[in-house]
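J.: A predicted structure for the sequence below; I have some questions about it.
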Amino acid sequence: MAAPLIEIRRLTKRFRRVVAVEDLSFSVLPGRITGFVGPNGAGKTTTLRSLLGLVSPTSGEALVAGRRYHELDDPVRRVGAVLETATFHPGRSGRNHLRTVAAAAAVPRARVEEVLDLVGLADAARRRVGGYSLGMRQRLGLAAALLGDPEILVLDEPANGLDPEGIRWLRTFLRGLASEGRTVLVSSHVLAELAQTADDVAVIARGRLVAHAPVEELTARAGAGTRVRSPDAARLLGLLAAANIEATEAGDALAVAAPPERVGEIAAANGIVLHELAAESSSLEEVVLELTGAEGEATPG
Amino acid sequence: MIRLVGAEWLKLRTTWGLWVYVALLVGVTALGVAGTIAAHEGVWSDDEVRGVFETPGLATLFVLLLGSVGFTNEFRHGTIGQTLLVTPRRERLLGVKLLAFALVGVGFGLVACALTLAIAAPWLDAKGVDVELTGPIVRDAFAGALLACALLGAFGAAIGGAVRSQVATVVGILVWFLLLEFLVGALLEVIGAGGVAPYLPSRASGAITGGMDGGTDDLSPRQGALVTLGWTALASAAAAVSLRRDVS
């Protein structure tokens, strides 16, 4: 198995009396999108900033490509990062912002135009960043992260401030990056934003890891991943049970603890007619709420 | 290192702030030279001629402010995070900033010297004042101004890196250089430690250009440069410590 590209090892960060992150460990495997989810103030940003060498851990370590960030030879070509609320000098144009980063990182100028195209900012490149919408700033941040064509991407709340269309764009964009074999660690306080994008999800609450699992597993834990209606419900129920998938009758439908894809496949393979097949997207949020809310009362694990 | 210094220059010239400073520099220098020559009557002594060619020393205050604003901009606009992603070693970033603003200081000094020359040389010539443009008076005055600008550019950046807050840095520098140092000097005089006053930053850096106030107890240009270098080193050390803090 490939070595993890991002490794958080027993990371603890205390700011004066506040413990932002406590004994946090998880790793991100190559070629996967890992969602890093938790409520605001859970310690996501502190963790990512520790990973990027902006915050020094109180104890433990956060490694990227097996090293601490400042030990990387050419960080911009290994790791691309978007910091939370990406900030720019308001008087500089988008293109010039990217040029300053490119110049410092010895990235050729032509690459600036490439990444501008990639994030769809080419037309706004001459304008001052001060006049950009939040969505445009996020895109500019992504463009800067991609300058060095890095294999690893660390994105802190890139969906923040995006409208639904922007979120859809981001989802496709991240999928595209992952399909090129890149490794992505992306944080969000809304799991739904990542549920269709991420392969794995690490859930953090009050500085502690409360879950780290493939998305499907979390979905399964929700107990109701899919709502399905079929004239042949009884047979479907049996087939699902045979496939080790939990399902219960809910009115005239079934509540199934598996993603719609899985349920649909099983139905199709057995020639079962479906009248309705719907993802219960809120269920994931419920899992997270349950996980993050329960933390503190019960010891995890 | 050269690459990173080049990137700093790009950062600086892609915002309008720099051009405001350049415009102010040009305006103040031109006014300074023209005012000195126009107000003068009678025969020109060597010291008076020197005074005209020491006008580029005015650039030092602009350079000092530019260096401090240049560094604190990173904190004010939150770009320090992005900058550290590219240059994660903080001592290295500090070195880059010091060098970049020393060079920008030299650039400002050159602009001020060229402007002074362009105004003063034909004007004095028209007044019948004999000035040897390649002689020691002009040469020493200009060399002093360039050296002072280089040192104060780095000094300003170092102060900015140490303080981080733009408002505090700019206000602090202005208050100290334009007011407080004179008061402190007077106070030192009262308590019988007046000998320390020439070593304070404003007086010491002023001495490099050859005594803007011409006080007899001032340091020589060489001593002034050394003392200013000392202040810059001190501020740099403070900046190195300050930059070790978390960036959030």
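T.: Received the coordinates, thanks.
J.: please make it C-alpha for all contacts and neighbour counts, starting now.
T.: Noted.
J.: what segments of chain B are strands?
T.: In chain B, no strands are found when defined by DSSP state E.
J.: quick one: low-confidence parts of it?
T.: When residues are selected by pLDDT under 70, those of chain B lie in B:210-217.
J.: likewise the stretch 151-300 of chain A?
T.: Counting by pLDDT under 70, the ranges of the stretch 151-300 of chain A that qualify are A:219-224, A:281-285, A:294-300.
J.: minimum distance to chain B, which residue of it gives it?
T.: A:V154 (11.4 Å; C-alpha to the nearest C-alpha).
J.: the host helix or strand of that residue: partners in the sheet, and parallel or antiparallel?
T.: According to DSSP states H and E, A:V154 maps onto strand A:152-155. Paired strands of strand A:152-155, with direction, are strand A:79-82 (parallel), strand A:183-188 (parallel) (DSSP bridges).
J.: pull out the buried positions in the biggest helix by length in chain B.
T.: With secondary structure taken from DSSP state H, chain B has its longest helix at helix B:90-126. Neighbour-count burial for helix B:90-126, with 16 or more other C-alpha atoms under 10 Å in any protein chain shown as criterion, is recorded at B:90-91, B:93-113, B:115-117, B:120-121, B:124.
J.: pipe the strands paired with strand A:152-155 into JSON lines and attach mean neighbour count and distance to A:L146 per row.
T.: Formatted as JSON lines, the strands paired with strand A:152-155 follow (neighbours: other C-alpha atoms under 10 Å in any protein chain shown; distance: least, C-alpha to C-alpha, whole Å):
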{"stretch": "strand A:79-82", "mean neighbour count": "26", "distance to A:L146": "6"}
{"stretch": "strand A:183-188", "mean neighbour count": "26", "distance to A:L146": "12"}
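J.: quick one: the longest helix of chain B near chain A?
T.: No: shown here: helix B:90-126 not in contact with chain A (C-alpha under 8 Å from any C-alpha of the partner chain), separated by at least 9.2 Å.
J.: who's in contact with A:I8?
T.: Residues in contact with A:I8 (C-alpha atoms under 8 Å, 6 or more residues apart in numbering or on different chains) are A:24-27, A:51, A:61-63.
J.: look up phi and psi at the residue lying closest to A:D149 once chain neighbours are set aside.
T.: Closest residue to A:D149 apart from its sequence neighbours, by C-alpha to C-alpha, 6 or more residues apart in numbering or on different chains: A:R77 at 5.9 Å. Per-residue torsions, A:R77: phi -90, psi -10 (degrees, to the nearest 10).
J.: which residues of chain B lie near chain A?
T.: Residues of chain B lying close to chain A (C-alpha under 8 Å from any C-alpha) are B:3-4, B:6-8, B:10-11, B:14-16, B:77-79, B:81-89, B:245-248.
J.: out of these, which end up buried?
T.: Among those, those classed as buried by 16+ other C-alpha under 10 Å are B:4, B:6-8, B:10-11, B:14-15, B:78-79, B:81-89, B:247.
J.: among these, which lie within helices?
T.: Those of these lying in helices (DSSP H): B:4, B:6-8, B:10-11, B:81-86.
J.: farthest pair within these?
T.: Farthest pair in those (C-alpha to C-alpha) is B:G6 and B:G81. Separation: 18.8 Å.
J.: so which bits of the stretch 51-200 of chain A are right by chain B?
T.: So far as C-alpha under 8 Å from any C-alpha goes, the stretch 51-200 of chain A lies against chain B at A:52-56, A:69-70, A:75-76, A:81, A:83, A:87-93, A:96-97, A:100-101, A:103-106.
J.: filter the residues you listed to the buried ones?
T.: A:52-56, A:69-70, A:75-76, A:81, A:83, A:87-89, A:91-93, A:96-97, A:100-101, A:103-106.
J.: among those, which ones are in strands?
T.: Per DSSP E, those map to strands at A:A81.
J.: so which residues of the stretch 151-300 of chain A form strands?
T.: With strands called from DSSP state E, counting those that start in this stretch, the stretch 151-300 of chain A shows them at A:152-155, A:183-188, A:200-205, A:208-214, A:226-229, A:247-250, A:253-256, A:276-279.
J.: and B:A158, how close does it get to chain A?
T.: 20 Å (C-alpha to the nearest C-alpha, to the nearest Å).
J.: sorry, back to before: B:T228 is nearest to which of the strands of the stretch 151-300 of chain A?
T.: B:T228 sits nearest to strand A:152-155 of all those, at 43.1 Å, using C-alpha to C-alpha.
J.: name the surrounding residues that touch that closest one.
T.: Residues outside strand A:152-155 that contact it (C-alpha under 8 Å, 6+ apart): A:5, A:48, A:78-84, A:145, A:182-187.
J.: count the neighbours of residue 228 for me.
T.: As the question left the chain open, I've gone with chain A. Residues within reach of A:V228, counting by other C-alpha atoms under 10 Å in any protein chain shown, total 24.
J.: correction: the question concerned chain B.
T.: 26.
J.: which helix or strand contains A:G141?
T.: Using DSSP H and E, A:G141 sits in helix A:134-146.
J.: wait, A:G35
T.: Per DSSP H and E: A:G35 is located in strand A:33-37.
J.: helices or strands up against that strand?
T.: With contacts defined as 3 or more C-alpha pairs under 8 Å, 6 or more residues apart in numbering or on different chains; DSSP states H and E, the packing partners of strand A:33-37 are strand A:183-188, helix A:191-195, strand A:200-205.
J.: if we go to 6 Å?
T.: When contacts are defined as 3 or more C-alpha pairs under 6 Å, 6 or more residues apart in numbering or on different chains; DSSP states H and E, strand A:33-37 sits against strand A:183-188, strand A:200-205.
J.: and the spatially most central residue of chain B, how far is that from chain A?
T.: The residue lying closest to the centre of chain B (C-alpha atoms, centre = their mean) is B:T60, at 2.4 Å. Distance, B:T60 to chain A, by C-alpha to the nearest C-alpha: 25 Å.
J.: thought that residue was touching B:A150?
T.: No: contact criterion C-alpha atoms under 6 Å: B:T60 and B:A150 do not qualify, at 8.4 Å.
J.: before we move on, the earlier item: parallel or antiparallel, which strands does the strand holding A:G35 pair with?
T.: In its sheet, and by DSSP bridges, strand A:33-37 pairs with strand A:183-188 (parallel), strand A:200-205 (parallel).
J.: spit out the contact partners of A:G148.
T.: A:76-77 (C-alpha atoms under 6 Å, 6 or more residues apart in numbering or on different chains).
J.: again, but for B:L188
T.: Counted by C-alpha under 6 Å, 6+ apart, B:L188 has contacts B:G194.
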